[in-house]
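**Q** What shape does this take:
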Amino acid sequence: MSRGGFVMQIFDRDALESAVRDGRRTFTECDFSNADLSRLDLSAIGFSNCEIAGANLRGASICDSTWIACRGVGASLHATDCGDASFLRCNFANTDWRGARLSSACFEDCKLTGANFSDARLLGIHFERCLLVSAILRGVSFRKSELIGLDFTDADLGGADFRDAVLTECSLREASLRTASFLNADLRGCDLGSLNFSDAGALRGAIISSSQATELLGGFGLTVL
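**A** The predicted model follows:
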């Protein structure tokens, strides 16, 4: 232990519960890999450079917590309460966020490749410079959000709500957009790639540039003169 926090220690459920009972703690370079942390109250706790790969945080509360440069590949955060949590430079590839409550959570410079956010509540969420390649975001709402530097390449965005959103330096290349809504969304700073006719319909009402329109029409074999 150092300055009230823990450094380079291995934690299982019992050890973490004991630490939390002693008061709010910080954890630096600690290992929670494959631990059962389900339904624990981890609110307002700081994690830095920690390993949580394969950990089970299902139903836990991590509200107001901070996660810096943590590695949580394959962890389960199913139905976790993540309100106002902050994630910076973390690798959460192939994680399960289904049904999680992520109101006002913040993700910056994170790897979320293959993450499953189906039915997660994202009200007020902030994503910036994140990899969401092949992520599952079916039915989630980004309405009125400002999205910066997000790579949705090959992501499943079926039924997602992007109405009135602004996407800057984002990529929708090869993403599935079926039944998604982009009404009044500003996509002028977005790489749209090539779309098929069924996905192109999702862009009805979106704002795009003339060069983007030309590129899309060219993908359908049409020539703009």
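**Q** which residues touch Leu183?
**A** With contact taken as Cβ atoms under 8 Å, 6 or more residues apart in numbering, Leu183 is in contact with 163-164, 204-206. Quick note: C-beta positions are derived from backbone N, CA and C, even for glycine.
**Q** pLDDT (mean, whole number) over stretch 49-68?
**A** Mean pLDDT, stretch 49-68: 98.
**Q** What's the end-to-end length of that stretch?
**A** 6 Å (Cα to Cα, to the nearest Å).
**Q** For that stretch, list every residue counted as buried.
**A** Within stretch 49-68, the residues that qualify as buried by neighbour count (16 or more other Cβ atoms under 10 Å) are 49-53, 55-67.
**Q** Check stretch 184-197 too.
**A** Buried, per 16+ other Cβ under 10 Å, within stretch 184-197: 185-187, 190-193, 195.
**Q** how about low-confidence regions in the chain?
**A** Low-confidence segments of the chain, defined by pLDDT under 70: 1-3, 24, 195-199, 217-225.
**Q** got the contact list for Cys106?
**A** Contacts of Cys106 (Cβ under 8 Å, 6+ apart): 85-88, 125-126.
**Q** and which of those residues is nearest Cys110?
**A** Phe87 (5.4 Å; Cβ to Cβ).
**Q** And the closest one, which helix or strand is it part of?
**A** strand 86-88 (DSSP states H and E).
**Q** That strand pairs with which strands, and in what direction?
**A** Within its sheet, and counting by DSSP bridges, strand 86-88 is paired with strand 66-68 (parallel), strand 106-108 (parallel).
**Q** which residues are contacting it?
**A** 65-70, 105-110.
**Q** In CSV, list the residues you listed along with distance to Gly99.
**A** Listed next are those as CSV, based on distance: Cβ to Cβ, whole Å:
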residue, distance to Gly99
Ser65, 18
Thr66, 22
Trp67, 19
Ile68, 25
Ala69, 26
Cys70, 21
Ala105, 14
Cys106, 20
Phe107, 17
Glu108, 23
Asp109, 25
Cys110, 20
